[in-house]
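A.B. asks: Curious how this folds, go ahead:
(one chain, ligands or ions: 1)
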Amino acid sequence: MSKAEFVQKMFDKLSQDYDFMNDLISFGLHKLIKKNAINNVPIKAGFKILDVCTGTGDIPLLITEKFGDSVDIIGVDFSGKMLEIALKRAIKHDNIKFITADALNLPFEDKTFDAVFISFGLRNLADLKKGIIELKRVTKDNGYLINLDMGKPKGVLGHILRFYMFKLVTFIGKLIHGNSTPYKYLFESAQAFPSQDELVRIFSDFGFKNVKNYDFAFGAIAEQISTL
Ligand SMILES: C[S@@+](CC[C@H](N)C(=O)[O-])C[C@H]1O[C@@H](n2cnc3c(N)ncnc32)[C@H](O)[C@@H]1O
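C.D. replies: Below is the predicted model of the structure:
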């Protein structure tokens with residue numbers, strides 16, 4: 001099975017428990033981190049925003065919580081089941097639309113969006129470089145690219161967090177969700193993913209400017225914001 005097929009099937013299966021499990025394993029912190037990550041971006045009224053790998057729609061909903069319908073947001077995901085939940089959650093918000101599509105082949109013209117978000121998504125793509133090229137293609141000149149994902153934790157507390165994430169989260173996942181595969185995958189994919197420092201270099205190499213990194217939870221989660 002290809003990585004894309006594995007990831008799509010896994011999120012289809014996980015979809016019903018996804019929000020509950022995220023709240024549980026992060027003690028609700030993932031929402032706070034996503035809010036802070038959004039606060040770091042100079043979003044303006046009138047922005048056209050894309051959220052790639054939108055899942056159940058946290059990013060479009062949190063942006064709308066802050067900016068109302070002054071911004072238009074499209075969430076894209078290849079898991080129909082995750083999008084079904086996103087659609088239900090965003091039913092009252094006409095400024096949010098969802099499209100089923102592959103992040104590696106986005107159905108948009110070049111230079112369409114003022115800001116392109118990808119939250120806990122880049123790590124899942126079968127081809128990181130192809131993914132970044134596609135994200136870049138749909139970003140307007142002077143537009144923003146925002147990546148939020150697992151980072152490499154730093155210091156003693158960072159190592160404790162890593163231990164928690166890798167051991168306890170897998171155990172809790174098995175206990176509550178009944179299947180530890182997604183949580184083992186979370187660990188393995190986070191290990192294989194470039195560090196925040198490497199990502200800063202990678203985005204710069206791809207022609208993004210002013211690449212800034214923000215660490216959350218002692219670097220266990222990190223956000224890179226850059227402009228084109
Ligand atoms: C960990 S979830 C993140 C969801 C959401 N962005 C969040 O922050 O909670 C990853 C999502 O990426 C989607 N995904 C992974 N690879 C994809 C691809 N190639 N194209 C579209 N969606 C993809 C999965 O279906 C899943 O919904």
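A.B. asks: mean confidence score for stretch 114-131?
C.D. replies: For stretch 114-131, the mean per-residue pLDDT is 97.
A.B. asks: Just the endpoints, please. Distance across that stretch?
C.D. replies: Terminal residues of stretch 114-131 lie 18 Å apart, using CA to CA, to the nearest Å.
A.B. asks: With stretch 213-228 instead?
C.D. replies: End-to-end distance for stretch 213-228: 16 Å, by CA to CA.
A.B. asks: What average pLDDT does that stretch get?
C.D. replies: Per-residue pLDDT over stretch 213-228 has a mean of 94.
A.B. asks: Next, count neighbours for the residue in the chain that the ligand sits nearest to.
C.D. replies: The chain approaches the ligand most closely through residue 55 (2.4 Å), counting by CB to the nearest ligand atom. For glycine as for every other residue, the C-beta is placed from the backbone atoms N, C-alpha and C. For residue 55, the count of nearby residues is 23 (other CB atoms under 10 Å).
A.B. asks: Next up, the contacts around it.
C.D. replies: 11, 18, 77, 79, 82, 86, 119, 120, 121 (CB atoms under 8 Å, 6 or more residues apart in numbering).
A.B. asks: which element is it on?
C.D. replies: Using DSSP states H and E, residue 55 falls within no helix or strand.
A.B. asks: Relative to residue 156, how far out is it?
C.D. replies: As judged by CB to CB, to the nearest Å, residue 55 and residue 156 stand 32 Å apart.
A.B. asks: Residue 169 now?
C.D. replies: For residue 169, the distance to residue 156 (CB to CB) stands at 19 Å.
A.B. asks: Neighbour count: these two, which is higher?
C.D. replies: Per other CB under 10 Å, whichever of residue 169 and residue 156 has more neighbours is residue 169, with 20 against 9.
A.B. asks: among the contacts of residue 55, which are in reach of the ligand?
C.D. replies: With CB under 6 Å from any ligand atom as the criterion, the contacts of residue 55 include 11, 77, 79, 82, 119, 120, 121 near the ligand.
A.B. asks: Take the residues you listed and keep only those in helices.
C.D. replies: 11, 82 (DSSP state H).
A.B. asks: Helices of the protein, start to end?
C.D. replies: According to DSSP H, the helices that the chain contains are 3-25, 29-39, 58-67, 80-89, 128-137, 155-163, 169-172, 181-192, 196-205.
A.B. asks: Just name the most buried of these.
C.D. replies: Among these, the stretch with the highest mean neighbour count (mean count of other CB atoms under 10 Å) is helix 58-67, at a mean of 20.
A.B. asks: What helices and strands are in contact with that one?
C.D. replies: Counting contacts by 3 or more CB pairs under 8 Å, 6 or more residues apart in numbering; DSSP states H and E, helix 58-67 is packed against helix 29-39, strand 48-52, strand 72-77, strand 96-100, strand 113-119.
A.B. asks: C-alpha coordinates for it, PDB please?
C.D. replies: Extracted as PDB, the C-alpha positions of helix 58-67 are listed here (Å, rounded to 0.1, in the frame of the first residue of the first chain):
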ATOM      1  CA  ASP A  58     -10.100  23.300  13.100                       C
ATOM      2  CA  ILE A  59      -8.000  26.000  11.300                       C
ATOM      3  CA  PRO A  60     -10.900  27.500   9.100                       C
ATOM      4  CA  LEU A  61     -13.100  27.500  12.200                       C
ATOM      5  CA  LEU A  62     -10.500  29.200  14.500                       C
ATOM      6  CA  ILE A  63      -9.700  31.800  11.800                       C
ATOM      7  CA  THR A  64     -13.400  32.500  11.400                       C
ATOM      8  CA  GLU A  65     -13.800  32.700  15.200                       C
ATOM      9  CA  LYS A  66     -11.300  35.600  15.100                       C
ATOM     10  CA  PHE A  67     -12.000  37.300  11.700                       C
END
